[in-house]
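K.L.:
return a 3D structure for these sequence lines:
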Amino acid sequence: MLFIILSNVIETFLLDKTSSEYNQLAQTHSVQVAPLFNQASATKLYTYLVNVSAENDCRAIVVDAYGIVQSDAFSQLNGVALDNQQIIDVLQGGVNVSHGFYHLPSSSGYEKSYPNNLIGELRQFLFNSTDNEWVMYCASPIIFDSKIIGAVLLSVPIESTVAQIELIKWQILIISIATGIGAILLITLFSGTMLKPIRQLTQGISQIALGDFTQRVKVSGNSELAQLASTFNQMSERLENLEHTRNEFVANASHELKTPMSTIKILVESLQHQKKVDPVITKELLGDVSSEIDRMSLLVNDLLSLVRLDEQKPTALLVSQVNLSAALMQVCDNLTPLSFERGIELDLSVSADIAFNGDEYKLKRLFINLIDNAIKYSEDNSIVQVSLHTKSNQIIFKVQDYGVGISEEDVPYIFDRFYRVDKMRARVTGGTGLGLSIVKSIILLHNGDIKIDSTLGKGTTITVVLPYTA
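P.N.:
This next block holds a predicted model:
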């Protein structure tokens, strides 16, 4: 479409320019030949027309009021009646000038020429016949004493103009084709570049669907595709971490369950192989079996708690207005016998009637786990400080002990499931390694945060921050 439009514009421009030039020339010479034609000076008129033809590369002819040729610069049409449209227009139509284009047999007076190159040869082969040429007729009336006594007709060969037009058309066509091919190549290259990350994303998603979470896509630039690839990489990394955590969780849970089961099996076999039943030994072994069963039951309960916490969203909480102050004091009363056995003092500092919208059961579980943990890892005859206060728009719950503490290397992993700083001590205290993971899940469900500060051999401080609106 663009090729056609450009071709038409160029053709119209060049032909209009040529016709305008020769129309003006015809009008000029019609005025100048008027006195010569009126005087019937054939020699002077002929000489004048020959000069006009030579100077303007055309063929000048004068006809009378009836269209009969009175003088021809080529001396071929004298006495011939011309009835072409341009003569009729100026003699009978009342116009000052008229022009038209014709494809006529070649006259002997003009020699056609073409560009000496491939375009010229193609043009001559495809468009040109050696027996025809393009000419333009321009006519203007000869007026003397306000009467039309004849007309001047200029026959102008426009083969060079036509050749120029066709050459330009070919050039435009070739440029259009080259541009089109270049555009196709660029689009192909660009689409390939654009589709490459999409293909990688598709392949990555397929691999993830098959369980391979190690897939990553190369990210470059700041385009939407780059952002999509970055999001995909983050998702893959998170899925890989979740898969690693799940596998580790299953392995740890299996190990934790296997240990008490193995112990129970050994104890039962010891009972079975007693040659002489000793009531004291039997009672002791059964007591150990009961302890291992309790330990396994505690582990299962903690696992179920974590599963439920993982499945729940904040909207799934049993939310009610909880008096945190009263709930904490109740928990401390229940844990006092445990601390009393080891001579540990619970130093409680609580602001009165702190109200909070949350799940009361889970919040009490949070208090129990943290305080129980502090008691377990405190030295005998020491102190555990527990506080609950508000500060601007926050509720701050803090538990501080002066026990064994945690090394700096262990602190980042303390909330990981089944992570134990001292596995041998954990066996003695009866911990499952899930208490702090449960605590963190409860805090996150209530849009809170938890922080731990600890020094090995000096003690640990755990701070829980919950949002508060008075």
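K.L.:
can you pull out the strands in the stretch 301-450 of the chain?
P.N.:
In the stretch 301-450 of the chain, the strands defined using DSSP state E, counting those that start in this stretch lie at 319-323, 345-350, 355-359, 383-391, 394-401, 449-455.
K.L.:
those: which one's closest to Ile4?
P.N.:
Shortest distance between Ile4 and the strands of the stretch 301-450 of the chain, using CB to CB, is found for strand 449-455: 70.7 Å. Every residue, glycine included, has its C-beta placed from N, CA and C.
K.L.:
can you give the strand pairings for that closest one, parallel or anti for each?
P.N.:
Take DSSP bridges as the rule and strand 449-455 pairs in its sheet with strand 459-467 (antiparallel).
K.L.:
state the mean pLDDT of the partner strand.
P.N.:
Strand 459-467 carries an average pLDDT of 93.
K.L.:
contacting residues around it?
P.N.:
For strand 459-467, contacts defined as CB atoms under 8 Å, 6 or more residues apart in numbering pick out 356, 358, 366, 370, 374, 377-378, 393-406, 443, 446-454.
K.L.:
only whichever of those are buried, select them in PyMOL.
P.N.:
The buried residues among the contacts of strand 459-467 can be selected in PyMOL (16 or more other CB atoms under 10 Å) with this line:
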select buried, resi 356+358+366+370+374+377+378+395+397+398+399+400+401+402+403+404+405+406+443+446+448+450+454
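K.L.:
identify the residue nearest the geometric centre of this protein.
P.N.:
Glu224 (2.2 Å; CA atoms, centre = their mean).
K.L.:
how about Val331, what does it touch?
P.N.:
Lys364, Phe367, Ile368, Ile371.
K.L.:
take these and keep only those in helices.
P.N.:
Here DSSP state H is the test, and those give Lys364, Phe367, Ile368, Ile371 as lying in helices.
K.L.:
correct me if wrong: the last one contacts Gln385.
P.N.:
No: counting by CB atoms under 8 Å, Gln385 is not a contact partner of Ile371; they are 10.5 Å apart.
K.L.:
measure Trp134 to Leu153 for me?
P.N.:
Separation of Trp134 from Leu153 (CB to CB, to the nearest Å): 17 Å.
K.L.:
of these two, who's got more company?
P.N.:
Leu153 (27 against 19; other CB atoms under 10 Å).
K.L.:
make sure that one is indeed in a helix.
P.N.:
No: according to DSSP: H, G, I helix; E, B strand; the rest coil, Leu153 belongs to no helix; its state is strand.
K.L.:
touching, Val411 and Ile452? I think so.
P.N.:
Yes: between Val411 and Ile452 there is a contact under CB under 8 Å: 6.0 Å.
K.L.:
which strands and helices sit next to the lengthiest strand in the chain?
P.N.:
The longest strand of the chain (DSSP state E) is strand 132-144. Strand 132-144 sits against helix 2-38, helix 85-92, strand 98-105, strand 147-157, helix 159-209, with contacts defined as 3 or more CB pairs under 8 Å, 6 or more residues apart in numbering; DSSP states H and E.
K.L.:
out of the ones you listed, which is the most enclosed?
P.N.:
strand 147-157 (a mean of 23; mean count of other CB atoms under 10 Å).
K.L.:
that strand packs against which elements?
P.N.:
helix 2-38, helix 42-56, strand 59-64, helix 85-92, strand 132-144.
K.L.:
now with 7 Å, please.
P.N.:
helix 2-38, strand 59-64, helix 85-92, strand 132-144 (3 or more CB pairs under 7 Å, 6 or more residues apart in numbering; DSSP states H and E).
K.L.:
pretty sure Thr282 sits in a helix.
P.N.:
Yes: Thr282 sits within a helix when classified using three-state DSSP.
K.L.:
quick check, Trp134 in contact with Glu159.
P.N.:
Yes: the pair Trp134 / Glu159 is scored as a contact, 5.6 Å apart, by CB atoms under 7 Å.
K.L.:
setting aside sequence neighbours, what's the nearest residue to Ser375?
P.N.:
One thing to correct before we go on: residue 375 is Ile, not Ser. Ser339 (5.1 Å; CB to CB, 6 or more residues apart in numbering).
K.L.:
which residues does the one you found contact?
P.N.:
Counting by CB atoms under 7 Å, 6 or more residues apart in numbering, Ser339 touches Leu346, Ile375, Val384.
K.L.:
no further questions, thank you.
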